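Engineer: Sequence and predicted structure are below.
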Amino acid sequence: MPKVTFVQVDGTQTVLDVPAGTSVMRGAVAAGVPGIVAECGGNLMCATCHVYTGDGADDRFPAVTDEEDELLDCTAESRRDNSRLSCQLGLTDAMDGLVVHVPGCQT
């Protein structure tokens with residue numbers, strides 16, 4: 001089961017064991033991680049599960065789709081090169097140790 005570390009703006013960290021096959025967003029919501037609003041429930045219809053991925057994470061996930069790219073232009077916090085929607089980040093055992101940074105606001 002991959003461990004995922006969620007880092008808040010103030011540096012607070014939450015480390016979760018998230019079952020493989022689960023999205024980063026679903027793992028965060030199930031555990032009540034602050035800052036992951038996920039208004040659309042992971043249906044790629046909002047940008048309230050925006051995160052910044054840690055070093056090397058982009059190589060482990062599929063490329064951003066056109067739909068995700070469009071929504072990333074609508075995030076409450078500034079978009080960065082490592083911005084992703086956590087609903088689109090499916091976990092595998094190879095992603096153990098993933099670090100994601102939670103923006104200061106989502107709405």
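Structural biologist: Sure thing, it's come through.

Engineer: rest of the way, CA atoms for contacts and neighbours
Structural biologist: Will do.

Engineer: so how far is Asn82 from Cys46?
Structural biologist: 18 Å (C-alpha to C-alpha, to the nearest Å).

Engineer: Spatially central, which residue of this protein would that be?
Structural biologist: Centroid check for the chain by C-alpha atoms, centre = their mean gives Ser86 as the closest residue, at 2.8 Å.

Engineer: Got the confidence number for the closest residue to it other than its chain neighbours?
Structural biologist: Distance criterion C-alpha to C-alpha, 6 or more residues apart in numbering; nearest residue to Ser86, sequence neighbours excluded, is Met25 at 4.7 Å. At Met25, the model reports a pLDDT of 98.

Engineer: did I read that right, Met25 in a helix?
Structural biologist: Yes: the assignment for Met25 by DSSP: H, G, I helix; E, B strand; the rest coil puts it in a helix.

Engineer: Quick one: residues in contact with stretch 31-48.
Structural biologist: Contact with stretch 31-48 is made by 6, 8, 14, 16, 25-26, 28-29, 49-50, 67-68, 71-72, 74-75, 85, 87-88, 102-107, as judged by C-alpha atoms under 8 Å, 6 or more residues apart in numbering.

Engineer: ok now stretch 53-72, how far from the chain's centre?
Structural biologist: Chain-centre distance of stretch 53-72: 10 Å, with C-alpha atoms, centre = their mean, to the nearest Å.

Engineer: How about residues contacting that stretch?
Structural biologist: Stretch 53-72 is contacted by residues 44-47, 50, 79, 82-85, 88-90, 95, 98-101 when judged by C-alpha under 8 Å, 6+ apart.
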